[in-house]
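Student: Quick one: sequence and predicted model below, then my questions.
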Amino acid sequence: MQRSGSSGGRRGPGASDAFLREASEAVEPVHGQGFFYVGYGYVAYYLVFDYLDPLGYYDAVLRDPRLYEEEVLRLYYGMQELVDQEKVVVNGERVRPRVAMVDIGFRGRKNRVFIVFALRFTAPIRPGVNVYENHYEPEEIEYSYEAYWIFPPGSRILEVDMGTGTEDWEIVGKNTLAIYGHRGGRTGGYEKIVFRMPEPGQLVAGFTGDEED
C-alpha cells in the first residue's frame, strides 16, 4: 500500500536517519481500542492504537513508499511476536491468533496517528456453552483503553474473569462485553469468558433483544 502527500522540508522522501530516529522516539501512545467479533469456528478482531507524533515521524514514513513498507513489516512482526507470547485457549484447545493486516493513518491532523491491526484465529466454537481463555504476562497499563467483545444475536455471556488486575468490565444486552483499562492500573494476566451460542438457525431471533434465559 502506498501513500502520497505534498513534499517539502525534511519530512519528505529521503528524511535523514537522524531525524527518523529522533522523531520515532518522540511518538507517544495515548489510547487503545479493541473490537472482537465471535462467530462459529473463528474470532476476528481489530486493535486500534492512537499516538501523538509531535515531530512528524509517520508523516515522513507515509510519504516514502520504502519507509512505509518497512514500517508496516516492523509493526506486523512486532504484533505477531506479542500475540505468539499469549496462550489463547478455546474449549480446551490452543488456538493461534494471526495478524492479517496493518494500516497507518491520521485522525484529521498529522500529529495524531492511528495504527490498526486486524487479527483472527480459527477456534472450535460451537452451539451451547463455550469457554475462551487467554493467559499472558501481567503489566502496568501505560495508556487507557477499551475492548468490546461482540457475540452473535441469540448468544449470551455467562461468566467473565479478568484475573487480579484493575480492569473494569460490564455486560451490555446479554451478549456484548465492554472492558476498560485505566492508565496507571495493571492488567490481570488472565481473561476468561464463558458464553452460550445458539443453534445457527436461531441467530436471527437475537436481533430483537428478546433472547431466552
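Tutor: Received, thanks.

Student: Excluding sequence neighbours, find me the nearest residue to the residue nearest the centre of the chain.
Tutor: The chain has residue 47 as the residue nearest its centroid, 2.0 Å off, counting by C-alpha atoms, centre = their mean. Residue nearest to residue 47 in three dimensions, not counting chain neighbours: residue 117, with 4.5 Å by C-beta to C-beta, 6 or more residues apart in numbering. For every residue, glycine as well, the C-beta is placed using N, CA and C.

Student: Name the next helix or strand downstream of the host helix or strand of the one you found, please.
Tutor: Assessed by DSSP states H and E, residue 117 sits inside strand 109-122. Past strand 109-122, further along toward the C-terminus, the next helix or strand under DSSP H and E is strand 128-135.

Student: quick one: average pLDDT of whatever helix or strand comes next after that next one?
Tutor: Once the chain leaves strand 128-135, the next helix or strand it forms, by DSSP H and E, is strand 145-150. Throughout strand 145-150, pLDDT has a mean value of 98.

Student: likewise stretch 94-108?
Tutor: In the prediction, stretch 94-108 has an average pLDDT of 97.

Student: Stretch 17-36 too?
Tutor: Averaging pLDDT along stretch 17-36 gives 96.

Student: related to what we said a few turns ago, looks like the residue nearest to residue 47 contacts residue 46 (just checking).
Tutor: Yes: using C-beta atoms under 8 Å, residue 117 is in contact with residue 46, at 6.9 Å.

Student: If you count contacts, what does the strand holding residue 117 end up packed against?
Tutor: Where contact means 3 or more C-beta pairs under 8 Å, 6 or more residues apart in numbering; DSSP states H and E, strand 109-122 is packed against strand 42-52, helix 57-63, helix 65-84, strand 98-107.

Student: repeat that for 10 Å
Tutor: strand 28-39, strand 42-52, helix 57-63, helix 65-84, strand 87-90, strand 93-95, strand 98-107 (3 or more C-beta pairs under 10 Å, 6 or more residues apart in numbering; DSSP states H and E).

Student: Kindly export the fourth one (C-alpha atoms) in CSV.
Tutor: If I follow you right, that is helix 65-84. The C-alpha trace of helix 65-84 is given here as CSV (Å, rounded to 0.1, in the frame of the first residue of the first chain):
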residue,chain,number,x,y,z
PRO,A,65,6.9,4.0,-0.1
ARG,A,66,10.1,2.3,1.1
LEU,A,67,9.8,3.6,4.6
TYR,A,68,6.1,2.8,4.7
GLU,A,69,6.7,-0.8,3.7
GLU,A,70,9.5,-1.2,6.2
GLU,A,71,7.3,0.3,9.0
VAL,A,72,4.3,-1.9,8.2
LEU,A,73,6.5,-5.0,8.3
ARG,A,74,8.1,-3.9,11.5
LEU,A,75,4.7,-3.4,13.1
TYR,A,76,3.4,-6.7,11.6
TYR,A,77,6.1,-8.8,13.0
GLY,A,78,6.2,-6.9,16.3
MET,A,79,2.5,-7.6,16.9
GLN,A,80,2.7,-11.2,15.8
GLU,A,81,5.5,-11.7,18.3
LEU,A,82,3.4,-10.3,21.1
VAL,A,83,0.3,-12.5,20.3
ASP,A,84,2.6,-15.5,20.0
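
Student: Can you list the neighbours in contact with that helix?
Tutor: Taking contacts as C-beta atoms under 10 Å, 6 or more residues apart in numbering, the residues outside helix 65-84 that touch it are 1-4, 13-15, 20, 24, 47, 49, 57-58, 60-62, 64, 96-104, 115-117, 119, 121, 134, 136-137.
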